[in-house]
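A.B. asks: Provided below for reference: sequence and predicted model.
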Amino acid sequence: MLKSARDKEKDPEGRMPLADHLRELRNRLAKGVLAILVVTIVAAFFYRDIIDVVTKPMFDEIGCTQTFGELAKSKNAHCAHITVSGLLAPFTLALKVSLMTGVVLASPVWLYQLWAFVAPGLHRNEKKYAYAFVGFGFPLFLGGGFLAYHVLPTTAKVMIDLTPANAENLLPLDDLLDLITRMIVVFGLAFEMPLLLVMLNLTGVLSGRRMLGWWRGMVVGITAFAAVATPSPDPMTMLALAAPIWALYFIAVAVSLLNDRRRARRVAEGPGDDEASELDLTPEDIGEVEPVRALSSPGRTEVPGDRVNGYDDVT
């Protein structure tokens, strides 16, 4: 009885022909894109609610609730009118918001498909590190995005207050959403830096002592990054981003130092009873070959002085 391709026994090391690799990649991509498409279609029915959730903190801080005439008569602080310009702008905005929501909410599906394609080619320890990176990386990214979501309104308020007295602010909604998305991504990726350092230490690329020696440069670099990433002259906003990254960096250093101490103790103790010792497979020079004279035997004629590689060549 013939077996189908699905019933074939898989290679334990994840090896397969190139055509099978390409076929699996196509299937994985199709599943990921389908998940994004389904979530995008669902999100399109609620795109107004999504926009309200994303922009509400910003609008509460800088949005204008008065008309131009009322603002001209009042002496209140500056605010901004959030606008949509152009006939096709509402449709483009709805499409952008729905697609962004689809990519974010469908991330567990397409990340799993990516992992399922890569995982068969990884060793056991590499899989363990990858699981740890995903397990800690996603919460750290969410923490950075959550911080950006709450820091942005204060930043926007400081920037709007720089407006001249006789001018009004018209803030396009699509530009505002791009700014919010960009800041959430920047803050989220910044929170991944300490995790990357720990992973480099676990793989033996970077030691904890060397990381600790970088602390002055890291503090200055993180501060400079926070100053550039937050478009506000307010120092409190800059510190709101820099302080958590400082703390995460020193936590990463402490974890790396503990891991280095554990690794050194394990090396000093040697292999356990159920572990094989490491073999030194470095090639060594065998030295000069000692010539060996062939034993004469009846029926063979020895040819003196005819040697190859130190051995007599007899016929």
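C.D. replies: Sure, I can see it.

A.B. asks: Quick one: the helices in the stretch 101-250 of the chain, in order.
C.D. replies: In the stretch 101-250 of the chain, the helices defined using DSSP state H, counting those that start in this stretch lie at 107-118, 124-160, 173-190, 193-202, 208-213, 215-229, 235-269.

A.B. asks: And the contacts of the third one?
C.D. replies: In other words, helix 173-190. With contact meaning CB atoms under 8 Å, 6 or more residues apart in numbering, helix 173-190 is reached by 51, 54-55, 58, 82-84, 89, 92-93, 96-97, 100, 140-145, 147-149, 151-152, 225, 229, 241, 245. All C-beta spots, glycine's among them, are computed from the backbone N, C-alpha and C.

A.B. asks: Pull out the buried residues from the residues you listed.
C.D. replies: By neighbour count, with 16 or more other CB atoms under 10 Å, the contacts of helix 173-190 hold 51, 54-55, 58, 82, 93, 97, 100, 140-141, 144-145, 147-149, 151-152, 225, 229, 241, 245 as buried.

A.B. asks: To N27, which of the helices of the stretch 101-250 of the chain lies closest?
C.D. replies: Between N27 and these, the shortest gap by CB to CB is with helix 107-118, which sits at 8.6 Å.

A.B. asks: list the buried ones in that closest one?
C.D. replies: Under the neighbour-count criterion of 16+ other CB under 10 Å, helix 107-118 has 109-110, 112-113, 117 buried.

A.B. asks: got a markdown table for those, with distance to L212 and pLDDT too?
C.D. replies: Formatted as a markdown table, the buried residues of helix 107-118 follow (distance: CB to CB, whole Å; pLDDT from 0 to 100):
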| residue | distance to L212 | pLDDT |
| --- | --- | --- |
| V109 | 40 | 83 |
| W110 | 38 | 82 |
| Y112 | 36 | 79 |
| Q113 | 39 | 81 |
| F117 | 37 | 77 |
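
A.B. asks: Out of these, which is nearest to L25?
C.D. replies: For the buried residues of helix 107-118, the closest approach to L25 (CB to CB) belongs to F117, at 6.2 Å.

A.B. asks: Please name the spatially closest residue to that closest one (chain neighbours excluded).
C.D. replies: Leaving aside its sequence neighbours, F117 sits nearest to R28 (CB to CB, 6 or more residues apart in numbering; 4.8 Å).
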